[in-house]
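Peer 1: Sequence first, predicted coordinates after that:
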Amino acid sequence: MGLSSSCMTAAGKFARLWIDAQEWGLARMDRLGARTRSAQDTAPHLVTGLRGERAALFELRRRGMVIVARRWTSAKMQGDIDLIGWDGGQLCFIEVKTRTARDRTPAESAVDTHKRETLRGLARAYLRTFPESERSTIPMRFDVMSVYLLGAATEFEFFQGTFAGS
């Protein structure tokens, strides 16, 4: 099998190993930090959400996305955008929903009309950070990533272009 027919180049394997090492290192630091923090520092559901966001960040990087912002906020609006990244030439605003079990209601269903409107408004605010002449030419989409933290396993469901902008 030649290099052109292999699924992953040596550079790609190295990049994936580097991402895996970064993820492992951050998880290790979290475990060490948890020993020194009291259980009252952060609500359990917030800890779960943060773990899911970080898992999504590394998973999206493994898939080739370039993440440029995490938990982006605007001083003029409430809420945040979990992850912002470039997938090729397309700017992606990614909402991450994390669950510790699979039940009847999938995690992605939590992105309701109100949340979509919030994300659209925040995306418009983020786009205002670009020069005005470029804003209308930037292709963008809204994605949702469901993260299921199931014991030692983590499962992902990625929905590209889940809803329209504007």
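Peer 2: Noted; the coordinates are in hand. Quick caveat, the model's predicted, so the values are computed rather than measured.

Peer 1: Confirm that F93 sits in a strand.
Peer 2: Yes. Checked against DSSP: H, G, I helix; E, B strand; the rest coil, F93 lies within a strand.

Peer 1: Return the distance of the helix ranked longest in the chain from the chain's centre.
Peer 2: When the chain is parsed with DSSP state H, its longest helix is helix 10-36. Helix 10-36 has its C-alpha centroid displaced from the chain centroid by 16 Å (Cα atoms, centre = their mean, to the nearest Å).

Peer 1: cool, and stretch 128-143?
Peer 2: With Cα atoms, centre = their mean, you get 19 Å for stretch 128-143.

Peer 1: quick one: average confidence on it?
Peer 2: The average pLDDT within stretch 128-143 is 93.

Peer 1: can you give me the end-to-end distance of it?
Peer 2: 20 Å (Cα to Cα, to the nearest Å).

Peer 1: Can you name the residues in contact with it?
Peer 2: Contacts of stretch 128-143 with the rest of the structure, by Cβ atoms under 8 Å, 6 or more residues apart in numbering, involve 89-95, 116, 119-120, 123, 127, 158-165. Heads up, the C-betas are built off the backbone N, CA and C, glycines and all.

Peer 1: Show the buried residues in those residues.
Peer 2: 91-95, 116, 119-120, 123, 127, 158-159, 162-163 (16 or more other Cβ atoms under 10 Å).

Peer 1: now, the most widely separated pair of those?
Peer 2: L127 and F158 (22.6 Å; Cβ to Cβ).

Peer 1: Show me what counts as buried in the longest helix of the chain.
Peer 2: I19, E23.

Peer 1: Output the helix or strand just after that helix in PDB with nothing but the alpha carbons.
Peer 2: For helix 10-36, the succeeding helix or strand toward the C-terminus, using DSSP states H and E, is helix 44-62. Output in PDB follows, covering the C-alpha atoms of helix 44-62 (Å, rounded to 0.1, in the frame of the first residue of the first chain):
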ATOM      1  CA  PRO A  44     -22.100  18.800  39.300                       C
ATOM      2  CA  HIS A  45     -24.100  19.600  36.200                       C
ATOM      3  CA  LEU A  46     -21.700  22.400  35.400                       C
ATOM      4  CA  VAL A  47     -18.700  20.100  35.800                       C
ATOM      5  CA  THR A  48     -20.300  17.600  33.500                       C
ATOM      6  CA  GLY A  49     -21.000  20.400  30.900                       C
ATOM      7  CA  LEU A  50     -17.400  21.600  31.000                       C
ATOM      8  CA  ARG A  51     -16.100  18.000  30.600                       C
ATOM      9  CA  GLY A  52     -18.300  17.600  27.600                       C
ATOM     10  CA  GLU A  53     -17.200  20.800  26.000                       C
ATOM     11  CA  ARG A  54     -13.500  19.900  26.400                       C
ATOM     12  CA  ALA A  55     -14.200  16.400  25.000                       C
ATOM     13  CA  ALA A  56     -16.000  18.000  22.100                       C
ATOM     14  CA  LEU A  57     -13.100  20.400  21.500                       C
ATOM     15  CA  PHE A  58     -10.600  17.600  21.200                       C
ATOM     16  CA  GLU A  59     -12.900  15.400  19.100                       C
ATOM     17  CA  LEU A  60     -13.500  18.200  16.600                       C
ATOM     18  CA  ARG A  61      -9.800  18.900  16.400                       C
ATOM     19  CA  ARG A  62      -9.300  15.200  15.600                       C
END
